[in-house]
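Trainee: Quick one: sequence plus predicted model below, questions after.
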Amino acid sequence: MLIERREYAFRPGGLQGFLDAQSMLGFDAARRPTLGRLIGYFVDGDTVVHYWRFDSYDDWMARLHRRDPEREPYFRKVRPLMLAQENRFLLPAPHPELTPLWGNGNDWLPGAAPVADLAAHPELLVEERILDFDPGALPGAWDALRALPVGERLLACFYTLVGRQHEIVLLHWHADRAACGGHAAGLRPIESLAVKSATRIMAPAPLAPMSPLFRPASG
C-alpha cells in the first residue's frame, strides 16, 4: 500500500475554477481510474490537500500517468489557476491501533460505507497534524503516540516514505470547529517531542465524488 499526499496552492480566487473544472474530467472511475483510489480532497482557503491510496508505485504510475489526450483541455484550464503543486509518498503507521482505515489489515476504498455523512454533520472538518522529529526519533515517537488518547475519530496515521523524513501525519475528523480545539489538548505530549508541528483545519471538498469518506456512494 502506498499513500500519496498532494497539495495544490491556487491564485486568489482560483480554487472555484478548479472545482468547476472537475466536470470536464467527469467522475466515471472507468475513465478516471484514480477515483477508485481516492481518500479525499480537502479545502483550506486557497489550498487543496488531497490523499490517495494506491496498491503500489506501479499502480500509481498506471492510474495517474496513463496517456489520455482528452485530459489536455482540463490541464490547460486548471494549471494557470495554480501557484504551486507538491506531492509526497507516505506509508501507514506500523501499529494497528493507529491505522483504523489503512494499513495493518485495514483497507478502506471508495464505495465502502462512509466514515461519516455530511448530511448529518454539515459542519464536519478534517484536522491534519504534521509532526517532524529528529533523525532516529521515530521509534520513541510511536511509543509516545500509542500511549495517548488519539481518539475514536482518527482517520489515519502515516509517516513519510518519500519527502521530508522523520515525519508523522495524523488525520482526524470532527463534527465542527469547536470539537477541534478540545481534541488538540490530548496530543500536546507528542507535540512536545517534535521539533516542528503544524496543524491545518480543512473542509471536505463540496463535490460528492471528491469526498467519498463522508458521503454515501450515491451521494
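Mentor: Now that the structure is in, tell me what you want to look at. Numbering: from 1, shown residues only.

Trainee: part of a helix, is residue 152?
Mentor: No - counting by DSSP: H, G, I helix; E, B strand; the rest coil, one finds residue 152 to be coil, located in no helix.

Trainee: Any regions of this structure where pLDDT drops low?
Mentor: Filtered on pLDDT under 70, the chain yields the residue ranges 67, 181-185, 216-219.

Trainee: Send me the longest strand belonging to it as CSV with only the CA atoms.
Mentor: Assignment by DSSP state E gives strand 82-92 as the longest strand of the chain. As requested, the backbone C-alpha atoms of strand 82-92 are provided in CSV (Å, rounded to 0.1, in the frame of the first residue of the first chain):
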residue,chain,number,x,y,z
MET,A,82,-2.2,27.3,-9.6
LEU,A,83,0.7,28.8,-7.9
ALA,A,84,2.4,25.5,-6.8
GLN,A,85,1.9,21.8,-6.7
GLU,A,86,3.6,19.4,-4.2
ASN,A,87,3.4,15.7,-3.5
ARG,A,88,4.9,13.1,-1.2
PHE,A,89,4.6,9.4,-0.6
LEU,A,90,3.6,8.1,2.8
LEU,A,91,3.1,4.7,4.5
PRO,A,92,0.6,3.7,7.2
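
Trainee: Where do the strands of the chain begin and end?
Mentor: Using DSSP E, strands in the chain cover 2-10, 38-44, 47-54, 82-92, 102-103, 106-107, 125-132, 154-162, 167-174, 196-204.
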